[in-house]
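Asker: I'd like to go over a predicted model; first the sequence, then the structure.
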Number of protein chains: 2
Amino acid sequence: MFSPNLHHDTGDAMTDDFSTEQKIKQAAQRVFLKKGYAATRTRDIAEEAGFNPALLNYYFRSKEKLFEIVMLENMQMFVAGVVGILTDDATTLRQKLHILVSHYIDMLQANPDLPAFMIGEIRDNPDGLMEKIGFSKLPPDASILMQWRTLAGENGTFKPTHIMMNLIAMVVFPFATAPLIRSRTAMDRTAFSALMEERKELIPMWIEQMILAGATTNPKS
Amino acid sequence: MFSPNLHHDTGDAMTDDFSTEQKIKQAAQRVFLKKGYAATRTRDIAEEAGFNPALLNYYFRSKEKLFEIVMLENMQMFVAGVVGILTDDATTLRQKLHILVSHYIDMLQANPDLPAFMIGEIRDNPDGLMEKIGFSKLPPDASILMQWRTLAGENGTFKPTHIMMNLIAMVVFPFATAPLIRSRTAMDRTAFSALMEERKELIPMWIEQMILAGATTNPKS
DNA sequence: GTCTATAACCTGATAGAC
DNA sequence: GTCTATCAGGTTATAGAC
């Protein structure tokens, strides 16, 4: 039903990253990411890529089709590699947290507009593209879940969902609100980046504390 | 330069909440909040309010003017009352955290679309309406800052900015991503609300831990 | 494959009757 | 104050020349 290349194949086995099609896709990625779907005009994309607006329709048929492609790739960026990290039997829980947080912060430093874009899309298209993404659920015996239970005890006092929320929130939210944070604290882009680098060490530490705070052995008892 | 009522006064002293003007504003609030500025058509607002599209221009002259008004009120919701909480000499730090978190969660339970809306606007209009908001900086001797220093020691190992980020992130982020969270965890709206109610107790606890973890007395020493 | 010209459509805003 | 009808402007998409 869905094909990334709507037009005929080039005949070349390898995909040429400098082809017009690729350039348009990359330009679209940048513009959609910065402004969102509704606020983006196809002319913006053509201008950004330095091409004629008609080429967009030649290669991708419509703005919407192009958006779906870019969208899908952006979403996959969010989940790429994560399952591998979480199911690795060779790493400790502490190591997993470190690797996961570093992985995400690095990715977001390179793509700082991604969080706001995703949040906008989640809103505009609640059930639309959400399923298309390979957000495959973890198997119940995934390494991280076993380790989690060991640390928190079988009957931790609050749900893992809370901790997951916190982990993602602490990593992603600062990027989503970066313009506001920077203007409020008079940080420039470099200072903000440095702050996020600090968080690579801090967030895993905080998360570990949270897991312990919810462990079976309640401080009050 | 900016006046909420562009047309002549009604002559009535009290503002009638059921006037056409008010109804349009409320409908606009709902639609803008759900879809953002760019994706909203003036016809959507008229339909939502059950009125003729022409009335929007009659009362507010343009879509943009109407948006500014609604926007401003939304943003003020975010900061309303917070300074008062943070500078109250009669409450402990722990109490302040509790009150602040409860205050925000209550407000967001009533306005769950607000976070995604704000994030979208921060992106689309980085420096535009940000200053109009009464985001008045705290005085350096604000009660909460003194109490913070007492708890963390004068030279806490990491910046208060981190903790502030975490506090806001843990409260706001779940709402910004609620549709995704609910679909991923098979929660209905009620279950999600209940989860956020739990967080009224949990977040202040976590934050306190974080402050202690960054206190002058380092666990390692 | 790429460009120019233009069609087809949509959206915000206004004029004028009631 | 509210409605109908319509305009002006801008946007996506296509037809057809090169």
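Answerer: Structure's in. What do you need?

Asker: Got the phi and psi for A:Ser62?
Answerer: phi -150, psi 160 (degrees, to the nearest 10).

Asker: okay, now it: neighbour count?
Answerer: 12 (other C-beta atoms under 10 Å in any protein chain shown). Yep, even glycine has a C-beta here, placed from its N, CA and C like the rest.

Asker: Tell me the spacing between it and A:Leu55.
Answerer: 13 Å (C-beta to C-beta, to the nearest Å).

Asker: got it, and A:Val31?
Answerer: Taken as C-beta to C-beta, the span from A:Val31 to A:Leu55 is 15 Å.

Asker: try A:Thr87
Answerer: 42 Å.

Asker: And for A:Thr185?
Answerer: 43 Å.

Asker: follow-up on the earlier one: the more surrounded of A:Val31 and A:Leu55?
Answerer: It is A:Val31, of A:Val31 and A:Leu55, that has more neighbours when counted by other C-beta under 10 Å, with 21 against 17.

Asker: tell me which element the spatially most central residue of chain A is part of?
Answerer: Closest residue to the average C-alpha location of chain A: A:Phe78 at 2.8 Å, with C-alpha atoms, centre = their mean. According to DSSP states H and E, A:Phe78 maps onto helix A:63-79.

Asker: Enumerate the positions of that helix that are buried.
Answerer: For helix A:63-79, a neighbour-count test (16 or more other C-beta atoms under 10 Å in any protein chain shown) marks A:Lys63, A:Lys65, A:Leu66, A:Phe67, A:Glu68, A:Ile69, A:Val70, A:Met71, A:Leu72, A:Asn74, A:Met75, A:Phe78 as buried.

Asker: thought A:Ile211 was touching A:Thr150?
Answerer: No. Taking contacts as C-beta atoms under 8 Å, A:Ile211 lies outside contact range of A:Thr150: 10.3 Å.

Asker: okay, these two: which has more neighbours?
Answerer: Higher neighbour count among A:Ile211 and A:Thr150: A:Ile211, with 20 against 10, using other C-beta under 10 Å.

Asker: so what secondary structure elements neighbour the helix or strand hosting that one?
Answerer: If you go by DSSP H and E, A:Ile211 is part of helix A:189-213. Contact here means 3 or more C-beta pairs under 8 Å, 6 or more residues apart in numbering or on different chains; DSSP states H and E; on that basis helix A:189-213 packs against helix A:93-110, helix A:143-152, helix A:160-176, helix A:178-185, helix B:160-176, helix B:189-213.

Asker: Adding distance to A:Glu201 and mean pLDDT, write those helices out as TSV.
Answerer: Formatted as TSV, the helices and strands packed on helix A:189-213 follow (distance: least, C-beta to C-beta, whole Å; pLDDT from 0 to 100):
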stretch	distance to A:Glu201	mean pLDDT
helix A:93-110	8	96
helix A:143-152	19	87
helix A:160-176	12	95
helix A:178-185	19	87
helix B:160-176	11	95
helix B:189-213	12	96
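
Asker: and DNA strand D, which of the ones you listed is closest to it?
Answerer: Evaluated over these, closeness to DNA strand D peaks at helix A:178-185, with 23.0 Å, by C-beta to the nearest atom of the strand.

Asker: for that closest one, which positions count as buried?
Answerer: Buried-residue list, helix A:178-185, by 16+ other C-beta under 10 Å: A:Ala178, A:Pro179, A:Leu180, A:Ile181, A:Arg182.

Asker: Okay, domains of chain A per the record?
Answerer: A:20-73, A:80-213 (automatic domain parsing).

Asker: Redo these as a markdown table? Include distance to DNA strand D.
Answerer: Putting the domains of chain A into a markdown table (distance: least, C-beta to the nearest atom of the strand, whole Å) gives the following:
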| stretch | distance to DNA strand D |
| --- | --- |
| domain A:20-73 | 3 |
| domain A:80-213 | 15 |
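
Asker: Distance to B:Lys25 for these - can I get that in a markdown table?
Answerer: Below are the domains of chain A laid out as a markdown table (distance: least, C-beta to C-beta, whole Å):
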| stretch | distance to B:Lys25 |
| --- | --- |
| domain A:20-73 | 22 |
| domain A:80-213 | 21 |
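
Asker: now for the helix holding A:Phe78, which elements pack on it?
Answerer: Using 3+ C-beta pairs under 8 Å, 6+ apart, the elements in contact with helix A:63-79 are helix A:20-39, helix A:53-60, helix A:114-124.

Asker: Quick one: mean pLDDT for that helix?
Answerer: Taken as a whole, helix A:63-79 carries a mean pLDDT of 89.

Asker: does any bit of it sit next to DNA strand C?
Answerer: No. Judged by C-beta under 7 Å from any atom of the strand, helix A:63-79 and DNA strand C are separated, with a smallest distance of 12.2 Å.

Asker: Now do the end-to-end distance for stretch A:167-184.
Answerer: One end of stretch A:167-184 to the other measures 24 Å (C-alpha to C-alpha, to the nearest Å).

Asker: residue contacts, A:Lys34?
Answerer: A:Asp113, B:Arg123 (C-beta atoms under 8 Å, 6 or more residues apart in numbering or on different chains).

Asker: what about A:Thr87, how many neighbours?
Answerer: There are 16 residues near A:Thr87, going by other C-beta under 10 Å.

Asker: Now it. Nearest residue, chain neighbours left out?
Answerer: Spatial nearest neighbour of A:Thr87, chain neighbours left out: A:Ala142 (4.7 Å); criterion: C-beta to C-beta, 6 or more residues apart in numbering or on different chains.

Asker: For that neighbour, give its distance to A:Leu86.
Answerer: 6 Å.

Asker: element containing A:Val83, please.
Answerer: Counting by DSSP H and E, A:Val83 is part of helix A:82-86.

Asker: Only alpha carbons, please: show that helix as PDB.
Answerer: Output of helix A:82-86 as PDB, limited to C-alpha atoms (Å, rounded to 0.1, in the frame of the first residue of the first chain):
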ATOM      1  CA  VAL A  82      16.400   0.900  21.500                       C
ATOM      2  CA  VAL A  83      15.000  -2.600  21.700                       C
ATOM      3  CA  GLY A  84      18.500  -3.900  21.200                       C
ATOM      4  CA  ILE A  85      19.700  -1.900  24.200                       C
ATOM      5  CA  LEU A  86      16.900  -3.000  26.400                       C
END
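
Asker: Could you list every helix and strand in contact with it?
Answerer: Contacts defined by 3+ C-beta pairs under 8 Å, 6+ apart place helix A:82-86 against helix A:93-110.

Asker: Dump the C-alpha coordinates for the helix it packs on into CSV.
Answerer: Below are the C-alpha coordinates for helix A:93-110, written out as CSV (Å, rounded to 0.1, in the frame of the first residue of the first chain):
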residue,chain,number,x,y,z
LEU,A,93,20.6,-2.2,34.5
ARG,A,94,22.8,0.7,35.3
GLN,A,95,24.7,0.3,32.1
LYS,A,96,21.5,0.1,30.1
LEU,A,97,20.2,3.3,31.6
HIS,A,98,23.5,5.1,30.8
ILE,A,99,23.5,3.8,27.2
LEU,A,100,19.9,4.5,26.6
VAL,A,101,20.1,8.1,27.9
SER,A,102,23.3,8.8,26.0
HIS,A,103,21.9,7.4,22.9
TYR,A,104,18.8,9.6,23.0
ILE,A,105,20.6,12.8,24.0
ASP,A,106,23.1,12.3,21.2
MET,A,107,20.2,11.8,18.7
LEU,A,108,18.3,14.8,20.0
GLN,A,109,21.4,17.0,20.0
ALA,A,110,21.6,16.2,16.3
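
Asker: No further queries at this time; thank you.
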